[in-house]
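Participant: build me a structure from this.
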Amino acid sequence: MALDDTRVVLSSAEEAALRAEHDALAGRVATRLSIDDVRKGAYASFGLVMAAGLTVKFAWDRWGWGLRPVRPPGRYPLLFLGALGLALFLAVFAVAAFLRARRAMRVEDADFARLREIRARLGIDA
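Facilitator: Numbering: from 1, shown residues only. All right, here's what the predicted structure looks like:
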């Protein structure tokens, strides 16, 4: 069974317009900028795990079971609150980075699909 040649004959103006769109899309999809946001989110997630661990450790040192120090370490739990604030900031930053990356990935995927469609119409990918 032979494959049908489904290429459409294009006018020179159509072909030039498609070629220009192809070149513009090829330049945009050459690098995936969403990967940078994924990297930032991964780093923030790692920092979040570290900050959450510190938060738990400071809370345990202040209010955990076991021997109580004779004199409390201070009136306010500043280390605990600082670590908790850092953990919350990193959580928000990581979520925002992953959402930005997902939004950018949708655009990149649509651009790549259009590029493949143009390449098929131009007969570049046979």
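Participant: next up, phi/psi of Arg39, please.
Facilitator: When read as degrees, to the nearest 10, the backbone of Arg39 gives phi -60, psi -40.
Participant: which strands and helices sit next to the lengthiest helix in the chain?
Facilitator: Ranked by number of residues, the top helix in the chain under DSSP state H is helix 78-122. With contacts defined as 3 or more Cβ pairs under 8 Å, 6 or more residues apart in numbering; DSSP states H and E, helix 78-122 has these neighbours: helix 12-29, helix 34-63. For the C-beta atoms, the positions are set from N, CA and C on the backbone; glycine is no exception.
Participant: could you report the neighbour count for Arg28?
Facilitator: 15 (other Cβ atoms under 10 Å).
Participant: residue contacts, the nearest residue to it once chain neighbours are set aside?
Facilitator: Spatial nearest neighbour of Arg28, excluding adjacent residues (Cβ to Cβ, 6 or more residues apart in numbering): Asp111 at 5.6 Å. Contact analysis of Asp111 by Cβ atoms under 8 Å, 6 or more residues apart in numbering lists 25, 28-29.
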